[in-house]
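Trainee: need the 3D shape of this:
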Amino acid sequence: MFDVRVFSPICKTNSGAIETVYRRHETEKRRNYENRVLEIEGASFCPIVLSTAGGHAPATRALVKRLSNLLSDKLDLPHHVTISWLRNRISMAIVRSCIMCLRGARSRSKTPMRAWDPY
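Mentor: Numbering: from 1, shown residues only. As a prediction, the model looks like this:
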């Protein structure tokens, strides 16, 4: 199971060395969710911690590296192609979810509600 956190490194609450800030966010996510995921859901947990400046935490780096290695072996593509593709997919997924939070869904309800319709 993954849980994503994106933070701004120039925020006052994130002062200090960037690696320390990444570790702090990772440990906070693990403390909040890891026990529940392991015990109740029986799954593994990996926090995905990204910064708005484009960096990512060590656990996220290891996850992306592992996934790109598996994809490059399966699809018989060079590693640099799969890691670039995977990073772009993650970025687009985050952008899509942010837009969805700000704008809402595009789809309309299946049955329109009309003020004049008694039923």
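Trainee: chain center to the lengthiest helix in the chain: distance?
Mentor: Taking DSSP state H as the criterion, the chain has its longest helix at helix 79-103. Distance of helix 79-103 from its chain centroid, counting by C-alpha atoms, centre = their mean, to the nearest Å, is 9 Å.
Trainee: state the mean pLDDT of it.
Mentor: Helix 79-103 carries an average pLDDT of 89.
Trainee: and stretch 2-9, by the same measure?
Mentor: Mean per-residue pLDDT for stretch 2-9: 90.
Trainee: list the buried residues for that stretch?
Mentor: residue 7 (16 or more other C-beta atoms under 10 Å). The way it works is simple: take the backbone N, C-alpha and C, and place the C-beta from them, glycine included.
Trainee: cool, and stretch 48-56?
Mentor: For stretch 48-56, by 16+ other C-beta under 10 Å, it's 48, 49, 50, 51, 56.
Trainee: repeat that for stretch 77-87.
Mentor: For stretch 77-87, by 16+ other C-beta under 10 Å, it's 82, 83, 86.
Trainee: contacts for it, please.
Mentor: Residues outside stretch 77-87 that contact it (C-beta atoms under 8 Å, 6 or more residues apart in numbering): 64, 65, 67, 68, 69, 71, 72, 75.
Trainee: distance from it to the middle of the chain?
Mentor: 18 Å.
Trainee: so which of the contacts of stretch 77-87 sit within helices?
Mentor: If you go by DSSP H, the contacts of stretch 77-87 have 64, 65, 67, 68, 69, 71, 72, 75 in helices.
Trainee: list only buried entries from those.
Mentor: Listed as buried from the ones in helices among the contacts of stretch 77-87 are 64, 68, 71, 72; burial here means 16+ other C-beta under 10 Å.
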